[in-house]
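Peer 1: sequence and predicted structure are below.
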Amino acid sequence: MAIVVNLDLMLSKRKMRSKALAQAIGITEQNVSLLKSGKVKGVRFETLERICQALDCQPGELLEWRPDRPEPDGES
């Protein structure tokens, strides 16, 4: 996946635990965990806004685009 979620890094920088973030933004700890691991297909702008408010950050600090590595042309 080319979009990387840096939520764990931002939580660490802000010295905040996932449980506290979940309570602050009104989602479950399990959903925070899924966001941290990047195992989600999308995030609502409302949720992203709440995360940014709670962590005092910009969306670009949470989400990063990294180009996919090109597949080799059958070379081993």
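Peer 2: On my side now, so go ahead. Numbers count the residues shown, from 1 in each chain.

Peer 1: which residues in this protein form helices?
Peer 2: Along the chain, counting by DSSP state H, helices occupy 7-13, 18-25, 29-37, 45-55, 59-62.

Peer 1: buried stuff in the fourth one?
Peer 2: Using 16 or more other CB atoms under 10 Å as the test for burial, helix 45-55 gives 47, 50, 51, 52, 54, 55. For every residue, glycine as well, the C-beta is placed using N, CA and C.

Peer 1: what does that helix contact?
Peer 2: Helix 45-55 has contacts (CB atoms under 8 Å, 6 or more residues apart in numbering) with 7, 10-11, 14, 16, 21, 24-27, 57-59, 62.

Peer 1: same thing but at 6 Å, please
Peer 2: Under the contact criterion CB atoms under 6 Å, 6 or more residues apart in numbering, helix 45-55 has outside partners 10, 14, 21, 24, 25, 59.

Peer 1: residue 35: which of the residues you listed is nearest?
Peer 2: residue 21 (9.3 Å; CB to CB).

Peer 1: please report how far the closest one lies from residue 12.
Peer 2: Distance of residue 21 to residue 12, computed by CB to CB, to the nearest Å: 12 Å.

Peer 1: report how many residues lie close to residue 42.
Peer 2: If you count neighbours by other CB atoms under 10 Å, residue 42 ends up with 6.

Peer 1: do residue 11 as well
Peer 2: Neighbours around residue 11, by other CB under 10 Å: 19.

Peer 1: do you know the pLDDT at it?
Peer 2: Note for residue 11: predicted pLDDT of 97.

Peer 1: tally of neighbours for residue 25?
Peer 2: 19.

Peer 1: the chain should start at 50 in everything you say after this.
Peer 2: With 50 as the first residue, the last one maps to residue 74.

Peer 1: how about it: what's its closest non-neighbour residue?
Peer 2: In space, and not counting its chain neighbours, residue 74 is closest to residue 99: 3.8 Å by CB to CB, 6 or more residues apart in numbering.

Peer 1: from residue 116, how far out is the one you found?
Peer 2: Taken as CB to CB, the span from residue 99 to residue 116 is 29 Å.

Peer 1: hmm, back to that, redo the buried residues of helix 94-104 as a markdown table? Include pLDDT.
Peer 2: What follows is those, written out as a markdown table (pLDDT from 0 to 100):
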| residue | pLDDT |
| --- | --- |
| 96 | 97 |
| 99 | 98 |
| 100 | 98 |
| 101 | 98 |
| 103 | 98 |
| 104 | 98 |
